[in-house]
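K.L.:
Pasting a predicted model and its sequence here:
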Amino acid sequence: MRSWILLLIIATSLMNHALAASFHLAIVTASNAEESNRGRSFAGIQTRVERPVRRAVELALFESKTSFEAFGIVPELQVVDIDAKRSLKDQLKAIHSNALIILDLPKPEFIETAKLLDERGQTTVNVRHPDIDLRDTLCLPSLYHTIPSERMYFDALGQFLIYRGWRKVLVVHGPTDKDRLRTQILERSLKKFGANISDFREFTLSHHPDDRDKNKPEFLTGDASYDVVAVIDSSKDFGRYIQYSTRRARPVVGDVGLTPAGWHRTLERYGAPQLNERYQSFDQENSLPASEAMSDEEFAAWSAVKLITNSLGTIDAISETLDPRKILAHPDTQVDLYKGTRGSIRRWNNQLRQPILLATGDAVVAVAPMPKFLHPKHYVDTLGLDEPESRCKLR
């Protein structure tokens, strides 16, 4: 009897090997792009880091090894580093037509590449940009977003403030177009959940004494009544001085203090510590240099791969190659995100619905959606652009 079982296992293994299907996966980067991936302050302090997502992709593939073996799938990872001096169309031809393509690019290159690949019907994933326009006005059928949108982040923050009873908000924001746009998005989120904005104050990075009303937190936050200060500072430079320097003793949220996040190293529930541990041990086992904690962008890339590999046994998408389009477009596709609720795709704009963490530097304080914020179809859809307000209507 045992010999028959052994023969069956061997035969199944040989059959899977003989009928092996390929899972083509590509990461498109632009290592020489002009956009800097490191922010630095006047004193040379590193304030912002954007790391490549390849490590997280490789971890997701490693975790899926058993599933690949069971279904006779061979993963093939390809990295395409775009050279601005060469034809973009020609460089993208090297990518298999059925590949899952993760776009790890600055926004201008991202949009150009996503449009070209959409024309070819190839499946792409946004793992870096939370910008609303990519999900609302760009609205490409083959483009999916596993990084949370800016609205999802700010809606989570707005829910938390109302939940805590901090309804009067002083908004302090930067002078750049990006900061002003993000401030408008924050304003919509705060009003959506019933918060009141006490005032908007714009800071400047100037150190001139005549600008002290705009460059010193104690002056910038004076002459107003508020429960909390919300900071919009994409540079991550000025905002680090706000905490403990406000005129009134109030909590600080937004880009500093309590911040919304897609992932955090200190989440202690839902199996999250095990994922963080696997991320660190994966470096050691594969002789990679020790990494910092997984970022939102890396978590988004990991999620993109796991959306595919978690669905291998439930959705028929395997022939000679694995077709990621069939999986991502299927209404039953879900993924365990280790945040208490399984992730799934919003049909109207291809956004991965997911909880948002509210965290300080060393603790997750809450997981949004917060209690009492209800939705008629899916409670996570209280975060971000809901179908009725979205201009993108893919399905």
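P.N.:
Cool, got the structure.

K.L.:
For the stretch 151-300 of the chain, give me the ranges with low pLDDT.
P.N.:
Applying pLDDT under 70 to the stretch 151-300 of the chain flags the ranges 212, 283-291.

K.L.:
Sorry, wrong one. I was asking about the stretch 1-150 of the chain.
P.N.:
1-19, 34-49.

K.L.:
Which parts of it are strands?
P.N.:
With DSSP state E, counting those that start in this stretch as the criterion, the stretch 1-150 of the chain has strands at 21-29, 38-40, 46-49, 73-81, 100-104, 123-126, 143-145.

K.L.:
Could you export the ones you listed as TSV, including mean neighbour count and distance to I162?
P.N.:
All C-beta spots, glycine's among them, are computed from the backbone N, C-alpha and C. As requested, the strands of the stretch 1-150 of the chain are arranged in TSV below (neighbours: other Cβ atoms under 10 Å; distance: least, Cβ to Cβ, whole Å):
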stretch	mean neighbour count	distance to I162
strand 21-29	22	39
strand 38-40	13	31
strand 46-49	12	29
strand 73-81	16	44
strand 100-104	26	35
strand 123-126	28	29
strand 143-145	26	26
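
K.L.:
and those as CSV, adding distance to T137?
P.N.:
What follows is those, written out as CSV (distance: least, Cβ to Cβ, whole Å):
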stretch, distance to T137
strand 21-29, 22
strand 38-40, 27
strand 46-49, 26
strand 73-81, 26
strand 100-104, 18
strand 123-126, 14
strand 143-145, 12
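
K.L.:
what's the closest of those to F282?
P.N.:
strand 73-81 (14.5 Å; Cβ to Cβ).

K.L.:
what about stretch 241-253, start to end distance?
P.N.:
Stretch 241-253 stretches 13 Å from its first residue to its last (Cα to Cα, to the nearest Å).

K.L.:
That stretch: which residues count as buried?
P.N.:
For stretch 241-253, the neighbour count (16 or more other Cβ atoms under 10 Å) marks Y241, I242, T246, R247, R250, V252, V253 as buried.

K.L.:
now the helices for the protein?
P.N.:
Assigned by DSSP state H, the chain shows helices spanning 2-18, 54-63, 65-70, 88-92, 107-119, 133-136, 150-164, 177-192, 212-215, 217-220, 272-285, 296-309, 324-329.

K.L.:
sorry, back to before: out of the buried residues of stretch 241-253, flag the one nearest to H96.
P.N.:
For the buried residues of stretch 241-253, the nearest to H96 is V253 (43.9 Å; Cβ to Cβ).

K.L.:
In contact with the closest one, which residues?
P.N.:
By Cβ atoms under 8 Å, 6 or more residues apart in numbering, the contact set of V253 is L157, F160, L161, V228, V229, A230, V231, T259.

K.L.:
can you put the helices of the chain in CSV and add distance to P371 and mean neighbour count?
P.N.:
Formatted as CSV, the helices of the chain follow (distance: least, Cβ to Cβ, whole Å; neighbours: other Cβ atoms under 10 Å):
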stretch, distance to P371, mean neighbour count
helix 2-18, 47, 10
helix 54-63, 31, 20
helix 65-70, 35, 13
helix 88-92, 46, 13
helix 107-119, 35, 17
helix 133-136, 27, 21
helix 150-164, 7, 25
helix 177-192, 17, 18
helix 212-215, 38, 16
helix 217-220, 33, 19
helix 272-285, 20, 14
helix 296-309, 24, 26
helix 324-329, 31, 21
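
K.L.:
Appreciated, that's everything.
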